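In: What follows is a predicted protein model with its sequence.
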Amino acid sequence: MTSLPSTTTVGVVLPFVGVIVATILFAFLYLKRYRSPYESDCISFTTSVIGLVVCLITSALLPVDIFLVSVMKTSNGTFEDWAASNVTRERIENGIQYSYYTLYSVVFAFLFMVIPFVYFFFEEKEDDAFGSPRSRFWSALKFTLVFMIIAGVLLTVGAIAPLRKLPDRTNPNSTEWDKIKFLWNDLKENKGEDALSMVLSILSIIGMVNVVFYTGFGMFSWPMGLIRGTKSARNQSEEIQEQHLVNQTRINALKDKQRIGGRLSAREQKQLEKLERMERHITRQEQLVEEVRGSLWYKCRRFMRPLEITTGVVLGLLALLIWTSLLLTNIDKAMHSLGRRMGYALEKRTLFNPLDQLLVFLQKVFPLDYLLLFIMTWYLVLCTVSGIRNIGIRIFIVKMYRLKLKRTRPQALLLSVVTLMLTVLAINILMFLVSPQYVSFGSQHYLEDRVDINGTHKEVVKCQFSWNSQPDGNKTQTFNSDECVMTRNAALLTRFFYKAWFFGAAYYWCSWGFLVISGLSLVFVILRRSRAITDVLDDDDDDLEEGDDDGLINNRNR
């Protein structure tokens, strides 16, 4: 970054430092809000915070990437004086590229080594309360080695998989040693990018599944929840008191019968136990409602409620903008793309993309485009959190844990961080799918020779991809590399999309799933009744059946 002028450096560093600080605060407060004070573990909590910070910083690197390639050029299509040298531009590109590789490597280390080790280390502590730390260490290490072997297999497959035509393999005179030597030279030539891209793509596919369900569900349900709000706390308090009176009357009737008759039938005894469990649940509901009515938020509701509605409307419009842009891009691909074996890449964009145009327009006033992209990324992350909160943490559809305020187990926090890490990897790809022009080239233009009746003249043209036909009938994606600079994020994606077309096609299919799920969630939240304050307690029914009522009530009182 030493080649950047001071004003550009400040424009990059200050916002990025602000993002890092905001990321650390968000990760700490978010996880602290959900972790259980009774099962808290310093190691698992610290691991969760660091893992969440790393993945969020990875997503924050995308706006920096776009900003750097955009400021290299002026509005008339020429390079800035400080970016006129190819050496300078390459140095900046390499800096961003190595930053991506470093952050992705840290993410991989957390997913395949750190988090599995901490998870099983704490799991063994619960399974064997009298086990020594040494025995738990070796047991956790044993399970972690399985994940490391999986990571090694994925890296090996990515390094040696024939993703493109290898000339030496087609040479009938080449020996086995020649083939092995060619593979090794090819691996050194691309610096292991194929191996990294393979692992990244596989993890991103899993992340896209999370985006489809978690992010898709929270896309509209979260802002609609802010707009609709909850039922009146005063009305809920009156309903709970009435329910409490009815339930207590039935309990007293059964106890009077037991006192007079000496015993109850089996059916009546079960009914009494059920009513007593319900009574404890009603008591907790009453405590929760009274806690809300005594909070500062409730006392300032006349002023905070309009703010909440306004926030919901703004986020709803942002969600609609993202959804519409992705829909138009997908329709354009369905009608004009080069097909699934080319990753559904567009030869030429035909339909209007409102988000693309808005981001390019806002880039004229720094840092509005950076701010919007940052807000969109964090909005999608928070939508994912909302989806996890409502759907629960699942592995292959099987529900493992639920996120519960102040009562989430350390294992659940670790798995929620894993889910968010995978989702953030996919969100970077989702941003590329939603706004391919801006994410690839920012607001760059270049001068192109045009011929008309007045002769040859220079015309300012937006940087975009072009396609060249090959002798085998396929097409390769190119751009004017002498006049335009592609973001490292787009370069990493497009490079691998056309070496392994399946991933590009899979992302396209998943994006349709995201559109469907998010659209259905909008219909669902519109038709469902307004949520009550006590709905949060419905997730605790399992705990009631396990007899943990006193602990739950004490936790709620805290």
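Out: Yep, it's here.

In: Pull up the gap between residue 516 and residue 367, please.
Out: According to C-beta to C-beta, to the nearest Å, residue 516 and residue 367 sit 34 Å apart. Using the backbone N, CA and C atoms, a C-beta is placed for each residue, glycine as well.

In: same thing with residue 20?
Out: 16 Å.

In: repeat for residue 216
Out: Residue 216 is 29 Å from residue 367, where distance means C-beta to C-beta.

In: Give me the more crowded residue out of those two.
Out: residue 216 (25 against 17; other C-beta atoms under 10 Å).

In: I figured that one hits residue 521, correct?
Out: Yes. Here residue 216 reaches residue 521: they are 6.4 Å apart, a contact under C-beta atoms under 8 Å.

In: check contacts around residue 344.
Out: 333-334, 337-338, 504-505, 508 (C-beta atoms under 8 Å, 6 or more residues apart in numbering).

In: Helix, strand or coil: sort out it for me.
Out: Classification of residue 344 by DSSP: H, G, I helix; E, B strand; the rest coil places it in coil.

In: any idea which helix or strand carries residue 256?
Out: helix 233-261 (DSSP states H and E).

In: List the buried residues in that helix.
Out: For helix 233-261, the neighbour count (16 or more other C-beta atoms under 10 Å) marks 233, 236-237, 239-240, 243-244, 247, 251, 254 as buried.

In: Find the pair from the contacts of residue 344 with maximum spatial separation.
Out: Maximum pairwise distance among the contacts of residue 344 (C-beta to C-beta): 14.2 Å, between 334 and 504.

In: more crowded one of these two?
Out: Taking neighbours as other C-beta under 10 Å, residue 334 and residue 504 compare with residue 504 leading, 23 against 11.

In: got a pLDDT number for that one?
Out: Per-residue pLDDT puts residue 504 at 80.

In: so which strand or helix has it?
Out: In this structure, residue 504 sits in helix 501-527 according to DSSP H and E.

In: helices or strands next to that helix in the packing?
Out: Packing contacts for helix 501-527, counted by 3 or more C-beta pairs under 8 Å, 6 or more residues apart in numbering; DSSP states H and E, involve helix 193-210, helix 216-228, helix 301-336, helix 410-434, helix 488-497.

In: mind checking which of those is nearest residue 104?
Out: Once these are compared by C-beta to C-beta, helix 193-210 is nearest, at 6.1 Å.

In: and the helix holding residue 504 with helix 216-228, angle?
Out: 30 degrees (axes from the mean of the first three to the mean of the last three C-alpha atoms, to 10 degrees).

In: from the middle of its chain, how far away would helix 501-527 be?
Out: Here helix 501-527 shows a centroid-to-chain-centroid distance of 14 Å under the convention C-alpha atoms, centre = their mean, to the nearest Å.

In: Please point out which parts of it sit buried.
Out: Using 16+ other C-beta under 10 Å as the test for burial, helix 501-527 gives 501, 503-508, 510-511, 514-515, 517-518, 521-522, 525.

In: Quick check: closest non-adjacent residue to residue 298.
Out: Nearest non-adjacent residue to residue 298, counting by C-beta to C-beta, 6 or more residues apart in numbering: residue 292, 5.6 Å away.

In: How many neighbouring residues does the one you found have?
Out: Neighbours around residue 292, by other C-beta under 10 Å: 16.

In: and what of residue 6?
Out: With other C-beta under 10 Å as criterion, residue 6 counts 7.

In: how close does it sit to residue 13?
Out: Going from residue 6 to residue 13 by C-beta to C-beta gives 10 Å.

In: got it, and residue 299?
Out: Counting by C-beta to C-beta, the gap from residue 299 to residue 13 is 41 Å.

In: and what of residue 226?
Out: 34 Å.

In: Same drill for those two, tell me which one is more crowded.
Out: The neighbour count for residue 226 versus residue 13, taken as other C-beta under 10 Å, is higher for residue 226 (18 against 13).

In: Spatially nearest residue to the more buried one (excluding sequence neighbours)?
Out: Per C-beta to C-beta, 6+ apart, closest to residue 226 is residue 312, 3.1 Å.
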